[in-house]
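J.: this is the structure alone, sequence omitted:
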């Protein structure tokens, strides 16, 4: 009879993944990234532990969306004060902070619990092709 041991923190091994977002679809790519950040493809995945890997994504400025989302998709932020609701379209956000588009999409696909911020801390998005993780050994080069 074999005994299955539960996954613990010391069993988790983290890898690095690289995504080039140039010409990629926002929704499809963000689901792939969210799956890697959660660690769902690993054989020892458990929901109560942070099993995910690191993700580096470049060229966030040139990610594409379909339909009229460029002008009609709106991102809201609220400061907590009366009259503190501000909104920006995808088009304006792409000019100001293109990496926020990917952060927002991936954040919405992660579980809404205490682990979400830990998972998002391992996501590194860069607006252009230059990044600071050239020394890392990436598992994929897509």
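T.: Structure received. Being a predicted model, the structure only gives us computed values, none of them experimental. Numbering: from 1, shown residues only.

J.: who's in contact with residue 115?
T.: 49, 50 (CB atoms under 8 Å, 6 or more residues apart in numbering). Just so you know, the C-beta spots here come from the backbone N, C-alpha and C atoms, and that holds for glycine as well.

J.: cool, the one 4 residues further on as well?
T.: The contact partners of residue 119, taken as CB under 8 Å, 6+ apart, are 37, 38, 50, 52, 110.

J.: farthest-separated two in the residues you listed?
T.: By the measure CB to CB, 50 and 110 form the most distant pair in those, at 10.7 Å.

J.: the two: which is more packed in?
T.: Legend: neighbour count by other CB atoms under 10 Å for residue 50 and residue 110, higher for residue 110 (21 against 18).

J.: right, and residue 125 touches residue 104 too?
T.: No - taking contacts as CB atoms under 8 Å, residue 125 lies outside contact range of residue 104: 10.4 Å.

J.: neighbour count for those two, which is higher?
T.: Each of residue 125 and residue 104 has its neighbours counted (other CB under 10 Å); residue 125 has more, 23 against 14.

J.: neighbours around the residue nearest to that one when sequence neighbours are not counted, how many?
T.: Nearest residue to residue 125, sequence neighbours excluded (CB to CB, 6 or more residues apart in numbering): residue 99, at 3.9 Å. Counted by other CB under 10 Å, the residues lying close to residue 99 total 18.

J.: and residue 99, what does it touch?
T.: By CB under 8 Å, 6+ apart, the contact list for residue 99 reads 60, 125, 126, 127.

J.: can I get those residues in CSV including distance to residue 72 and pLDDT?
T.: Output for these, formatted as CSV (distance: CB to CB, whole Å; pLDDT from 0 to 100):
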residue, distance to residue 72, pLDDT
60, 20, 95
125, 23, 97
126, 26, 96
127, 22, 96
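
J.: buried subset of those residues, written for ChimeraX?
T.: Restricted to buried positions by 16 or more other CB atoms under 10 Å, the ChimeraX selection for the contacts of residue 99 reads:
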select :60,125,126,127
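
J.: from the middle of its chain, how far away would the least confident helix or strand in the chain by mean pLDDT be?
T.: Within the chain, no helix or strand scores below strand 138-141, which has a mean of 78 by mean pLDDT, DSSP states H and E. Chain-centre distance of strand 138-141: 16 Å, with CA atoms, centre = their mean, to the nearest Å.
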